[in-house]
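**Q** this one's structure only:
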């Protein structure tokens, strides 16, 4: 049973038992370290997979992991005078969905799991699952479906059922026996802030998450993740220069320990410094009223090679992959299942 304040209800568990012969999940894990090589089924636009390619792959990974450890120790400063007490280990969690009607499987999602190594006590402490979030179906929704829906239209609009299937599949996984057997707590996903919104700092301050920010409006990403059952809060951790978006179930501030939260902050802020240095490696700290700017020239670059343009192009390719191998072949099965699935 999950230990978060919002537990899986008996109704959901019962529903999973009824439906488990329709879709089942196979969870695989692999260590993300300097020797990591992406598997054939890994989305190559995934943050960590992009770093693990090319001539600089090993140095990229080594530098990124060092940044994560340094960030963790800076935030977990108590009883840590030399800032070297902790290290973060990362696992890539790959979830395949087996489709009973076909006997085939489809790569569903990939997330990261953190573990904290305490060198002082020789403990290995379980961290948070989620962090980074990758999904072929999300690629399809944003990179294929949205474009086709708006083709030839003078005004941008969103399909009525946009994100419904993806959201139900995600909730189905989180409430599955497979998830409960592998993970003790519900996931937390950490994303960058949006450059088309303004964020206002509040007086609410958490010792680890830092000052909370409130956006001036909702976004398509927020609405999409809401259909996955996730709510969002924005915090700028100490020593950070911009807020991060934390998507979660339950109670973010009380369901997770300080070390668990720090493992997510240090991991995901490191990735954001590499991928969005204009925001997260800026030379000016976000003020009381903050609007992110991806054209900001006053920022520093990390010593890590990353091809952002390639990543954007590949999202379309991977959306087409989902369309060809999952959406179209199993359209009737998915529509029937989605219509009957309700929490």
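**A** Done, it's in. Because the structure is a prediction, the values reported are computed rather than measured.

**Q** all strands for this structure, in order.
**A** Per DSSP state E, the chain carries strands over the ranges 23-32, 86-99, 104-118, 123-135, 188-192, 199-206, 210-215, 231-236, 244-248, 289-290.

**Q** need the residues that contact the first one.
**A** Contacts made with strand 23-32 from outside it, assessed by CB atoms under 8 Å, 6 or more residues apart in numbering, are listed as 36, 39, 48, 61, 89-100, 105, 108, 112-113, 169, 172-173, 176, 178-179, 182, 337. Placement of C-beta: from N, CA and C, glycine included.

**Q** before we move on, back to that, in JSON lines: the strands of the chain, plus distance to residue 164 and mean pLDDT.
**A** As requested, the strands of the chain are exported to JSON lines (distance: least, CB to CB, whole Å; pLDDT from 0 to 100):
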{"stretch": "strand 23-32", "distance to residue 164": "16", "mean pLDDT": "90"}
{"stretch": "strand 86-99", "distance to residue 164": "17", "mean pLDDT": "93"}
{"stretch": "strand 104-118", "distance to residue 164": "16", "mean pLDDT": "92"}
{"stretch": "strand 123-135", "distance to residue 164": "14", "mean pLDDT": "95"}
{"stretch": "strand 188-192", "distance to residue 164": "19", "mean pLDDT": "97"}
{"stretch": "strand 199-206", "distance to residue 164": "28", "mean pLDDT": "98"}
{"stretch": "strand 210-215", "distance to residue 164": "24", "mean pLDDT": "98"}
{"stretch": "strand 231-236", "distance to residue 164": "18", "mean pLDDT": "98"}
{"stretch": "strand 244-248", "distance to residue 164": "18", "mean pLDDT": "98"}
{"stretch": "strand 289-290", "distance to residue 164": "32", "mean pLDDT": "98"}
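
**Q** wait, which of those strands is closest to residue 296?
**A** Smallest distance to residue 296 across the strands of the chain (CB to CB): 11.6 Å, for strand 289-290.

**Q** strand partners (parallel or antiparallel) of the closest one?
**A** Applying DSSP bridges, strand 289-290 is found paired with strand 199-206 (antiparallel).

**Q** and the angle from the strand it pairs with to strand 210-215?
**A** Put simply, strand 199-206 runs at 150 degrees to strand 210-215, going by axes from the mean of the first three to the mean of the last three CA atoms, to 10 degrees.

**Q** buried ones in strand 199-206?
**A** 199, 201, 206 (16 or more other CB atoms under 10 Å).

**Q** now do that strand against strand 244-248, angle only.
**A** On the basis of the same axes, to 10 degrees, strand 199-206 is oriented at 60 degrees to strand 244-248.

**Q** and the contacts of strand 199-206?
**A** Outside strand 199-206, the residues within contact range by CB under 8 Å, 6+ apart are 193, 211-216, 234-236, 243, 253, 286-292.

**Q** now with 6 Å?
**A** 211, 212, 213, 214, 215, 243, 288, 289, 290 (CB atoms under 6 Å, 6 or more residues apart in numbering).

**Q** try stretch 154-173
**A** Residues from elsewhere that reach stretch 154-173 (CB under 6 Å, 6+ apart): 25, 137, 138, 149, 150, 179, 224, 227, 228, 229, 338, 341.

**Q** picking up where we left off before, let me have the contacts of strand 199-206 in TSV, extended by distance to residue 320 and neighbour count.
**A** Converted to TSV, the contacts of strand 199-206 look like this (distance: CB to CB, whole Å; neighbours: other CB atoms under 10 Å):
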residue	distance to residue 320	neighbour count
211	41	19
212	39	19
213	36	25
214	37	13
215	32	18
243	33	27
288	43	10
289	40	11
290	36	23
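
**Q** which strand residues bridge the closest residue to residue 231 other than its chain neighbours?
**A** Using CB to CB, 6 or more residues apart in numbering and skipping residues adjacent in sequence, the residue nearest residue 231 is residue 248, 6.5 Å away. On the basis of DSSP bridges, residue 248 is bridged to residue 188, residue 231.

**Q** what's the burial count for residue 248?
**A** 25 (other CB atoms under 10 Å).

**Q** next one: the closest residue to residue 139 other than its chain neighbours relative to residue 195, how far apart?
**A** What sits nearest to residue 139 in space, not counting adjacent residues and going by CB to CB, 6+ apart, is residue 319, at 3.9 Å. Distance from residue 319 to residue 195, counting by CB to CB, to the nearest Å: 22 Å.

**Q** ok, the two, which is more surrounded?
**A** residue 319 (23 against 14).

**Q** isn't the residue nearest to residue 139 right next to residue 143, touching?
**A** Yes. Using CB atoms under 6 Å, residue 319 is in contact with residue 143, at 3.8 Å.

**Q** thinking the residue nearest to residue 231 is in contact with residue 188, fair?
**A** Yes. Counting by CB under 6 Å, residue 248 does reach residue 188; the two are 4.7 Å apart.
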